[in-house]
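Engineer: Requesting a structural model of the entry that follows:
(2 chains)
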2 protein chains.
Amino acid sequence: MRRLFLSVIAIAFGFSMFSMSGSAQAQDAATEQAIKYRKSVMTAVRGNFGAMVGIMKGAGNKADLTTHADALVDLSKIASTVFPEGSDFGETTALPVIWEKPEEFAKSMKAFQDAAANLATVAQGGDMAAFGKAFGATGATCKGCHEDFREKKEKRGKK
Amino acid sequence: MRRLFLSVIAIAFGFSMFSMSGSAQAQDAATEQAIKYRKSVMTAVRGNFGAMVGIMKGAGNKADLTTHADALVDLSKIASTVFPEGSDFGETTALPVIWEKPEEFAKSMKAFQDAAANLATVAQGGDMAAFGKAFGATGATCKGCHEDFREKKEKRGKK
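Structural biologist: Purely as a prediction, here's the structure:
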């Protein structure tokens, strides 16, 4: 009887370890996916930023500035959703302070969103000097957020 | 008198060389910018593609699939404008065949645009299986164009 009892305990314990491990694996996969998604959104941001620089320097069609600026407005809103709780470890340069000081981070995101919205409005006007200024202001919000909430380049290992 | 004549010729020749060189430099700068712009547009395409993969795998918000698909529609139209005549040398993997067979290239671009437009329509419906299929079809148009009109990876040097 005692042997049976111990067997049941052992099986139950083994099963619980298995469940925990399965759940932890699922969590890891979700985190990994969240980080990959975040990086893709940032890649799209970078692409549209670079495209606007190109048009300002004479490449492509000036009319497409509005397209890229509008895309940035959408991406700036999505950016608020790509830092879910728990996505602060793994292959990421996002700093824990994002989740430790959520209000400060939200403020930084809001600055990006406001600057992008203004950029899109200015783009409609077609005044290139005004656009350049609004573009600089938008870039400054990226820089600000990266300085406060992203791991510094010199501290990054082989990531 | 002969010396003066020779001097004038020499100055005129020197000036013409200078102009040619200035013009060639301006052309080089424009080409370089056109190629940088092209790469930025492709980076934005890549970012939105990756983001859609992320959402399909459970990251972010499903509702943003339409945002990324709509962005791809815009970018697919812009893609037609990022291969201006003369931007076939320098730091690029674009093959000369793009400009040698413009009709074939335009057909390939049209396939991308049509697939992206269909993807955006399917995204509105919210059927994930249908979206996955339309997504695969869009990716196939990227692959097709890259196979025919982009330098193969193994042939690329340090670019």
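Engineer: Let me see the mean pLDDT of the host helix or strand of residue A:69.
Structural biologist: Assessed by DSSP states H and E, residue A:69 sits inside helix A:64-79. Across helix A:64-79, the average pLDDT comes to 98.
Engineer: which helices and strands does it pack with?
Structural biologist: Contacts defined by 3 or more CB pairs under 8 Å, 6 or more residues apart in numbering or on different chains; DSSP states H and E place helix A:64-79 against helix A:2-56, helix A:102-125, helix B:2-56, helix B:64-79. For every residue, glycine as well, the C-beta is placed using N, CA and C.
Engineer: What's the first helix or strand after it?
Structural biologist: Counting by DSSP H and E, what follows helix A:64-79 is helix A:97-100.
Engineer: now that following helix: how far from the chain's centre is it?
Structural biologist: Helix A:97-100 sits 13 Å away from the centroid of its parent chain (CA atoms, centre = their mean, to the nearest Å).
Engineer: Quick one: list the elements packing against that helix.
Structural biologist: Using 3+ CB pairs under 8 Å, 6+ apart, helix A:97-100 is in contact with helix A:102-125, helix A:128-149.
Engineer: Would you mind finding the most buried of those helices?
Structural biologist: helix A:102-125 (a mean of 18; mean count of other CB atoms under 10 Å in any protein chain shown).
Engineer: ok, the most centrally placed residue in chain A - contacts?
Structural biologist: Against the mean C-alpha coordinate of chain A, by CA atoms, centre = their mean, the closest residue is residue A:38 at 4.0 Å. The neighbours of residue A:38, taking CB atoms under 8 Å, 6 or more residues apart in numbering or on different chains as the test, are A:82-83, A:87, A:92, A:94.
Engineer: go on, residue A:49?
Structural biologist: A:72, A:139, A:142, B:40.
Engineer: does the last one really touch residue A:55, like I thought?
Structural biologist: No. In this structure, residue B:40 is not within contact of residue A:55 by CB atoms under 8 Å, at 9.5 Å.
Engineer: will you turn the helices and strands packed on helix A:97-100 into a markdown table that also has mean pLDDT and distance to chain B?
Structural biologist: Listed next are the helices and strands packed on helix A:97-100 as a markdown table, based on pLDDT from 0 to 100; distance: least, CB to the nearest CB, whole Å:
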| stretch | mean pLDDT | distance to chain B |
| --- | --- | --- |
| helix A:102-125 | 98 | 13 |
| helix A:128-149 | 97 | 14 |
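Engineer: can I get those helices in JSON lines with distance to residue A:27?
Structural biologist: JSON lines is the format used below for the helices and strands packed on helix A:97-100 (distance: least, CB to CB, whole Å):
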{"stretch": "helix A:102-125", "distance to residue A:27": "20"}
{"stretch": "helix A:128-149", "distance to residue A:27": "23"}
